[in-house]
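J.: just the structure for this:
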Amino acid sequence: MLTKRFVVIKSLKTQLLALINDAEDIEEATFTKVTQVLKNAGKPYGVDEQGRLNISFFDAKAYDRDVFDRENKQQHNLIYHTARLGYQTAVLAKGSKVVCIFVNDICDGKVVEALAKQGVELIVLRCAGFNNVDLDACKQHSISVARVPAYSPSAVAEHTLALMLMLNRNLHRAYLRNRAGQFTLDGLVGFNMKGKTVGVIGTGKIGQCVIDILLGFGCKILAFDIYPNASYANKHDVTYVALNELLASSHIVTLHAPLSKDTYHCINENSIANMKQGAMLINTSRGGLIDTKALIQGLKSKKISAAGLDVYEEEADIFFQDMSGEIINDDVFARLLTFNNVVITSHQAFLTHEALQNIADTTLENIKRYAQGKEFKDIRG
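T.: Residues are numbered from 1 along each chain as shown. Presented below is the predicted three-dimensional model:
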């Protein structure tokens, strides 16, 4: 209906512009003003000249453009911005009713208000986490928010195990040695995963995928979640315990909880003190789950034998960009980089072909249902 109306209006505008162009006694200033008004007249806000919905993507990378362009099939007008969303960049959403953001975009109250003033009605996250969005502000300004709750749990779970194995068997150190022609084995001794106790904090879809893989290795699983899944635990030989017991008993602790006020810095000085001596710590969830300064102290004291991090609490100014020619001003992060028993990947646990496909499909489906006026999973508070 909208497209048909737009075509009719466009035809009338074309005819009127042709008549004005043929007129000989119109002043130039008046001609410019009239033609500009005619060009904009009747054009629905938030669509392009073909009547397609404008969607502004923030923090867009090449792999985002590739998969979304392929799956979109020219249905919507996708506008890509490399800049992250923030108060200064919110103006880039002008002309769009829909914006698409990622984990490090800032969507606080001020940004939401700025988007609302520009006519934005929907924020779609191409990720699972939404702690960077002020849901109360979105509700106040009647902006709906949708996300991708489960794009590919296996992608993150497999990356989690990759970090465990890399640290356990010192693959990163062996690779660098061998590249330099040093083929010695001293200092590369690892341990068998079979029979080791792994503590899994957070047993949602990703946590369960991690557990499934670990059970295949023959590990004993302890779990902690504020909402225990008794049915899953009974079927998979998983034991739910208190957090302190999990920390004290686990050779490896892996984090798969969402970031909230309750989980912020759940790994801190006290919880590290409760950990088993020489435990390994893995985080492929949210950087804010770990107090990084406390982690550094745990590494220095050898309470923690190794750490695998795909996320960092102050990653927004570091990850997803080329810093090779820059000085890293974050002293805490720079200190982390000095440990040879720490492996850091730049928030890439999700980055598989399958996950990107699922993210694009779900995001575009959310947009489609919004455009058609249908109900969809709205996560506003």
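J.: so what's the spatially most central residue of the chain closest to, chain neighbours aside?
T.: Centre of the chain computed as the mean C-alpha position; nearest residue by Cα atoms, centre = their mean is residue 103, 3.6 Å away. Closest residue to residue 103 apart from its sequence neighbours, by Cβ to Cβ, 6 or more residues apart in numbering: residue 127 at 5.1 Å. For glycine as for every other residue, the C-beta is placed from the backbone atoms N, C-alpha and C.
J.: in what helix or strand does that neighbour lie?
T.: Using DSSP states H and E, residue 127 sits within no helix or strand.
J.: who are the contact partners of it?
T.: By Cβ atoms under 8 Å, 6 or more residues apart in numbering, the contact set of residue 127 is 102-103, 147-148, 151, 350, 359.
J.: likewise residue 298?
T.: Contact analysis of residue 298 by Cβ under 8 Å, 6+ apart lists 272, 275, 281, 304.
J.: where do the helices of the protein begin and end?
T.: Assigned helices in the chain, in chain order: 2-22, 28-40, 62-72, 109-117, 135-140, 153-168, 171-179, 205-216, 230-236, 243-249, 269-273, 292-300, 331-336, 353-371 (criterion: DSSP state H).
J.: so of the contacts of residue 298, which ones are in strands?
T.: Among the contacts of residue 298, the members found in strands (DSSP state E) are 281, 304.
J.: how many neighbours does residue 122 have?
T.: 24 (other Cβ atoms under 10 Å).
J.: what does the one 4 residues further on give?
T.: Counted with other Cβ under 10 Å, the neighbours of residue 126 add up to 26.
J.: my guess is it contacts residue 101, does it?
T.: Yes. Counting by Cβ atoms under 8 Å, residue 126 touches residue 101, with 7.4 Å between them.
J.: can you report how many residues lie near the spatially closest residue to residue 269 that is not a sequence neighbour?
T.: Nearest residue to residue 269 in three dimensions, chain neighbours excluded: residue 294, at 4.4 Å (Cβ to Cβ, 6+ apart). Neighbours of residue 294 under the rule other Cβ under 10 Å: 18.
J.: what does the one 5 residues further on give?
T.: Counted with other Cβ under 10 Å, the neighbours of residue 299 add up to 21.
J.: before we move on, the earlier item: OK, contacts around the residue nearest to the centre of the chain?
T.: Counting by Cβ under 8 Å, 6+ apart, residue 103 touches 127, 129, 132, 347.
J.: what's near enough to touch the last one?
T.: I take that to be residue 347. Counting by Cβ under 8 Å, 6+ apart, residue 347 makes contact with 103, 310-311, 315, 319-320.
J.: give the contact list for the closest residue in space to it that isn't next to it in sequence.
T.: Using Cβ to Cβ, 6+ apart and skipping the chain neighbours, the partner closest in space to residue 347 is residue 319 (5.0 Å). Neighbouring residues of residue 319 by Cβ under 8 Å, 6+ apart: 104, 312, 346-347.
J.: with residue 339 instead?
T.: When contacts are counted by Cβ under 8 Å, 6+ apart, residue 339 touches 299, 307.
J.: relative to residue 44, how far out is it?
T.: As judged by Cβ to Cβ, to the nearest Å, residue 339 and residue 44 stand 56 Å apart.
J.: next: residue 375.
T.: Using Cβ to Cβ, residue 375 is found at 22 Å from residue 44.
J.: so these two - more neighbours on which side?
T.: Neighbour count, other Cβ under 10 Å: between residue 375 and residue 44, residue 44 has more, with 13 against 7.
J.: and that one, what pLDDT?
T.: On pLDDT, residue 44 comes in at 80.
J.: same check, this time on the one 4 residues further on
T.: Model confidence at residue 48, given as pLDDT, is 92.
J.: do the same with residue 321
T.: 88.
J.: for it, give me phi and psi.
T.: For residue 321, the backbone dihedrals are phi -150, psi 160 (criterion: degrees, to the nearest 10).
J.: same deal with residue 189?
T.: Residue 189 has phi and psi values of phi -70, psi 130 when expressed as degrees, to the nearest 10.
J.: need the nearest residue in space to it, chain neighbours excluded.
T.: residue 170 (7.9 Å).
J.: re the thing from before, right, and the pair among the contacts of residue 103 with maximum separation?
T.: Longest distance between any two of those is 13.0 Å, between 132 and 347; criterion Cβ to Cβ.
J.: what sits up against stretch 231-243?
T.: In contact with stretch 231-243 (Cβ under 8 Å, 6+ apart) are residues 200-201, 203, 208, 211-212, 215, 221-225, 228, 230, 249, 266, 271.
J.: appreciated, that's everything.
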